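Engineer: what would the 3D arrangement of this be:
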Amino acid sequence: MSESVAVSARNVYKVFGKKSAEAVRRLQAGKSRDDVAGLGTAAVVDASFEVKAGEIFVVMGLSGSGKSTLIRMINGLLPASAGSVVVDGTDISKLSGAALRQVRQKKISMVFQHFALMPHRTILENAAYGLEVQGVSKTDRHAKATHVLDLVGLKGWEDKYPSQLSGGMQQRVGLARALCAETDILLMDEAFSALDPLIRREMQEQLLGLQADLGKTIIFITHDLNEAMFLGDRVAVMRDGQIVQIGTPDDILTHPANDYVAHFVKDVDRTRVLTAGSVMEPARAVVNLTGGPRNALRTMRDLQTSAAFVVDRRRAFHGVVRDRDVMKLVEDQHPELSSVVRNSQDFVSPETALADLFGRAVESPVPLAVVDDGGRLVGAIPA
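Structural biologist: As a prediction, the model looks like this:
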């Protein structure tokens, strides 16, 4: 994931009402949202954050927390009362109407909660609509839309109409339309909340799969904590118009910023959020591939264990050896440890969810190795 910044918000306020400027001034001076209620409705108060290019940034909060207002300021559907919103280096608060429309067409796409499909257009025409607005030829936009519909699992449905599709399939069309526009930034406002739980989970998993392939910058709004924790690279928690914490799902679960966040996350399914990297222990019984059988046997006896991880000098993981196999090498005076190394492919990554570890950990007679993207042993999950 790139470290460049795709979207940046700095001290953003949104107050609805005729005296919004005065309300903002008082909020900046330290007054609360309730204090300025007579001047207007403070929907967003002093929000600041950055979204890195290629990440999924989730904004989570209860109804009325300001999250939907915030996302509408990112694409200029709502102007900020104060502060700046910068998209790909451009402060959209300073753009004219025509320039802002260009930003929406070229840089930002949006997926809505209730699909927003045009009932009189086919699925292909709905998916291609963004390109039509951009002036792309019918041949080219239909070719692109056909490809994207295939990506989201709707191949063969191009000539159908929205009324002929299930809710989950209609939302796939909405996602395809956003992807078809070829913008780098995708805004998703409660995009899956109208779907049945099983379909919703399928859409979440499909979104992660598409993200792995396409590398979009996604800002995802939700009130569902488990959804936020499942999807987000980072999560912003909102309350009463303010962002009260930003962090990785693991950060928010293990180090809540205040009692509100702690209460908010107490019922989350931690097995779907916490990872092997967050619970792994240092790998104690580790032997070098070139160290020889006698050295490996001595290490296991010193640590009173029946197995050890095998690594090379770069700490690259090669597998596991058992004491009885190594003892046989010693008895046979065999100098090579490599001949009894097993389970070279039996390891997990630090990002593996706990829910995916339980069965393997219970069934394994030895600790599970945790191996990073470079193939290096970084820890172990006890058996």
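Engineer: figure out the helix or strand that residue 9 lives in.
Structural biologist: Using DSSP states H and E, the element containing residue 9 is strand 5-16.
Engineer: packing partners for the following helix or strand past that strand?
Structural biologist: For strand 5-16, the succeeding helix or strand toward the C-terminus, using DSSP H and E, is helix 20-28. Judged by 3 or more C-beta pairs under 8 Å, 6 or more residues apart in numbering; DSSP states H and E, helix 20-28 is in contact with strand 5-16, strand 41-52. Bear in mind the C-beta positions are built from the backbone N, C-alpha and C, glycine included.
Engineer: go through the last one and flag the buried ones.
Structural biologist: Residues of strand 41-52 classed as buried: 41, 42, 43, 44, 45, 46, 47, 49, 51, 52 (neighbour count, 16 or more other C-beta atoms under 10 Å).
Engineer: same question for the first one.
Structural biologist: When burial is assessed from 16+ other C-beta under 10 Å, strand 5-16 yields the following buried residues: 6, 7, 8, 9, 10, 12, 13, 14, 15.
Engineer: skipping adjacent residues, who's closest to the third one in space?
Structural biologist: The shortest distance from residue 8 to any non-neighbouring residue, by C-beta to C-beta, 6 or more residues apart in numbering, is to residue 86 (4.4 Å).
Engineer: neighbours around that neighbour, how many?
Structural biologist: Counted with other C-beta atoms under 10 Å, the neighbours of residue 86 add up to 18.
Engineer: residue boundaries of the strands in the stretch 201-350 of the chain?
Structural biologist: All strands of the stretch 201-350 of the chain, identified by DSSP state E, counting those that start in this stretch, fall at 217-222, 234-239, 242-247, 286-288, 307-311, 317-322, 347-348.
Engineer: residues contacting residue 134?
Structural biologist: 105, 106, 181 (C-beta atoms under 8 Å, 6 or more residues apart in numbering).
Engineer: can you do 10 Å?
Structural biologist: Residues near residue 134 by C-beta atoms under 10 Å, 6 or more residues apart in numbering: 102, 105, 106, 141, 181, 182.
Engineer: does the last one really touch residue 140, like I thought?
Structural biologist: When you say that, I think you mean residue 182. No: counting by C-beta atoms under 10 Å, residue 182 does not reach residue 140; the two are 11.3 Å apart.
Engineer: overlap of the contact sets of these two?
Structural biologist: Residues touching both residue 182 and residue 140 (C-beta under 10 Å, 6+ apart) are residue 131.
Engineer: those two: which has the busier surroundings?
Structural biologist: Using other C-beta under 10 Å, the more surrounded residue of residue 182 and residue 140 is residue 182, with 15 against 11.
Engineer: returning to what we had before: any chance of the helices and strands packed on helix 20-28 in TSV, plus mean pLDDT and distance to residue 349?
Structural biologist: Output for those, formatted as TSV (pLDDT from 0 to 100; distance: least, C-beta to C-beta, whole Å):
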stretch	mean pLDDT	distance to residue 349
strand 5-16	95	26
strand 41-52	96	21
